[in-house]
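In: Any chance you could fold what I've pasted below:
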Amino acid sequence: MAKLSHILIMISLISTMSLAQSHRAKDWSKTKRFPAKKEQVTNLQFYFHDIVSGKNPTAVRVAQAPQTVKSPTLFGALLVADDPLTETPDPKSKLVGRAQGLYGSVGQQELSLIMAMNYGFIDGIYKGSSISILGTNAAMNPVREMPVVGGTGIFRFARGYAIAQTFWFDAATGDAIVGYNVTVIH
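Out: Model prediction:
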């Protein structure tokens, strides 16, 4: 009986090894040429409304370092956001999308934010499409540039840059309206 169990174990091991060998590492991926396609350049202009105060904030602090409260730049603070994007600086103007993601204060000497945001559009031909921005935002500079690192829908495989310019900032509350001019190659 012991001999039979050893034989069954050996058959099981041999079967498992041959099955494993038939699924080599090269089988988990395939590379093929990407069909040549003319790329387009799209320019988007919209306004980002970041509200951290009041009863209905669009960005909230979810974490901070122990020294954040002593830092003039709020170094170490992390916020999540679901900010409206509108056609004009007026918060009541047409909603064209939402910026969802997170940003954190990474500058110890000046207010600098790391932005990891998805800008999803809900209007017109861009409805259901999005761009992703990942980069540093020197928030106190009047004009700053951040990279577009990807996208979905019409903006699949997107790359480009976003120029952000503060339209309005309330230093007492931290609320801001920022104009975005985005150039996207897709």
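In: Where does the prediction get shaky in this structure?
Out: Counting by pLDDT under 70, the ranges of the chain that qualify are 1-27.
In: Please name the residues that touch the residue most central in space within it.
Out: Closest residue to the average C-alpha location of the chain: M117 at 3.3 Å, with C-alpha atoms, centre = their mean. Applying C-beta atoms under 8 Å, 6 or more residues apart in numbering, we find M117 in contact with 81, 99-103, 132-134. Backbone N, C-alpha and C define where each C-beta goes, glycine included.
In: Next, the contact list for Y119, please.
Out: 85, 97-99, 130-133, 180, 182 are the contacts of Y119 under C-beta under 8 Å, 6+ apart.
In: Next, give me the two most distant ones among these.
Out: Using C-beta to C-beta, the two most remote members of the contacts of Y119 are R98 and V182, lying 14.8 Å apart.
In: and the gap between the residue nearest to the centre of the chain and A171?
Out: 22 Å (C-beta to C-beta, to the nearest Å).
In: just E110 next, same as before
Out: For E110, the distance to A171 - C-beta to C-beta - is 15 Å.
In: of these two, who's got more company?
Out: E110 (11 against 7; other C-beta atoms under 10 Å).
In: so that one sits right up against T73, yeah?
Out: Yes - E110 is in contact with T73 according to C-beta atoms under 8 Å; the separation is 6.3 Å.
In: Most neighbours among the contacts of M117, please name it.
Out: A99 (26 neighbours).
In: which residues touch stretch 58-77?
Out: 49-52, 78-84, 102-112.
In: 10 Å instead, please
Out: 48-53, 78-84, 98-113, 139-140, 174-176 (C-beta atoms under 10 Å, 6 or more residues apart in numbering).
In: Keep only those of those residues that are in strands.
Out: Among the contacts of stretch 58-77, DSSP state E puts 48-50, 78-84, 98-105, 113, 176 in strands.
In: Buried members of those residues into PyMOL, please.
Out: Entered in PyMOL, the line below selects the buried ones among the ones in strands among the contacts of stretch 58-77, by 16 or more other C-beta atoms under 10 Å:
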select buried, resi 48+49+50+78+79+81+83+84+98+99+101+102+103+104+105+113+176
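In: And the helices in the chain, which stretches?
Out: 2-22 (DSSP state H).
In: hang on, the earlier thing: shared neighbours of E110 and T73, which are they?
Out: 139-140.
In: pretty sure D170 contacts H49?
Out: No - if you go by C-beta atoms under 10 Å, D170 and H49 don't touch, sitting 11.9 Å apart.
In: which residues do these two both contact?
Out: Counting by C-beta under 10 Å, 6+ apart, the residues touching both D170 and H49 are 176-177.
In: which residues touch F155?
Out: Taking C-beta under 10 Å, 6+ apart as the test, what F155 contacts is 40, 42, 44, 119, 121, 126, 129-132, 148, 182, 184-186.
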